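In: A structural model of the following input is requested.
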Amino acid sequence: MHAESRKPVPRPLIGLLALYAVASLWHFSHNAEYIALYPHMPAWLTREKVYVAWLAVSAVGLAGAGMWVLGWGRAAGVALAFYGLLGLGGLAHYTLALCSEHTLTMNFTIGFEALAGLALAASVAWHFARRLTGNNEAQAHE
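Out: I've put the predicted structure just below:
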């Protein structure tokens, strides 16, 4: 694969990437540390497995960032959008128990991660859609 011309990551994407990384770490660490208090969690899911899952999710984001640095813009965009969409996985908590069965902090970390991830994925999609349509304004911000 040939590297595309290297362009700096747009600042809004850097900000959303950082925001989602923090939200993801916060939710996963809260989930891991208070796993026994999360309603109806499967018995096989342990503190350690939650942290391993966070490492796997984070690896997708790191891979996307690395691809960007290498100049692989399209692949980076796909990886970063996917990374953001992984934040919606936290909503699966609500398939096990209602919002009212979770604490305020649980609900906040789940929602924060989901919204930050969705914002990242949408921003990446918007950025690449504008690049593909040749919008010079989007390219000027890079």
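In: From here on, just use CA atoms for contacts and neighbour counts.
Out: Noted.
In: State the pLDDT value of T133.
Out: At T133, the model reports a pLDDT of 77.
In: And it, how far from W126?
Out: Distance, T133 to W126, by C-alpha to C-alpha, to the nearest Å: 11 Å.
In: Tell me if I'm right that G61 and V78 touch.
Out: No: using C-alpha atoms under 8 Å, G61 makes no contact with V78, being 10.3 Å away.
In: now the helices for the protein?
Out: 11-33, 47-69, 73-86, 93-96, 104-132, 136-140 (DSSP state H).
In: ranking those helices by burial, who's on top?
Out: helix 73-86 (a mean of 22; mean count of other C-alpha atoms under 10 Å).
In: Just give me how far that helix sits from the chain centre.
Out: 9 Å (C-alpha atoms, centre = their mean, to the nearest Å).
In: And stretch 121-132, by the same measure?
Out: For stretch 121-132, the distance to the chain centre is 15 Å (C-alpha atoms, centre = their mean).
In: for the protein, what are the low-confidence residue spans?
Out: Scanning the chain for pLDDT under 70 picks out the ranges 1-9, 135-142.
In: Try it again at 50.
Out: Along the chain, the model assigns pLDDT under 50 to residues 1, 138-139, 142.
In: most centrally placed residue in it?
Out: In the chain, the centroid-proximal residue (C-alpha atoms, centre = their mean) is G84; its distance is 3.0 Å.
In: how near is the nearest residue to that one once chain neighbours are set aside to G15?
Out: Nearest residue to G84, sequence neighbours excluded (C-alpha to C-alpha, 6 or more residues apart in numbering): G117, at 3.9 Å. From G117 across to G15, the span is 12 Å (C-alpha to C-alpha).
In: what does L115 give?
Out: For L115, the distance to G15 (C-alpha to C-alpha) stands at 14 Å.
In: Ok, E101 next?
Out: From E101 to G15 the distance is 32 Å (C-alpha to C-alpha).
In: With Y83 instead?
Out: Using C-alpha to C-alpha, we find Y83 at a distance of 14 Å from G15.
In: Thank you, goodbye.
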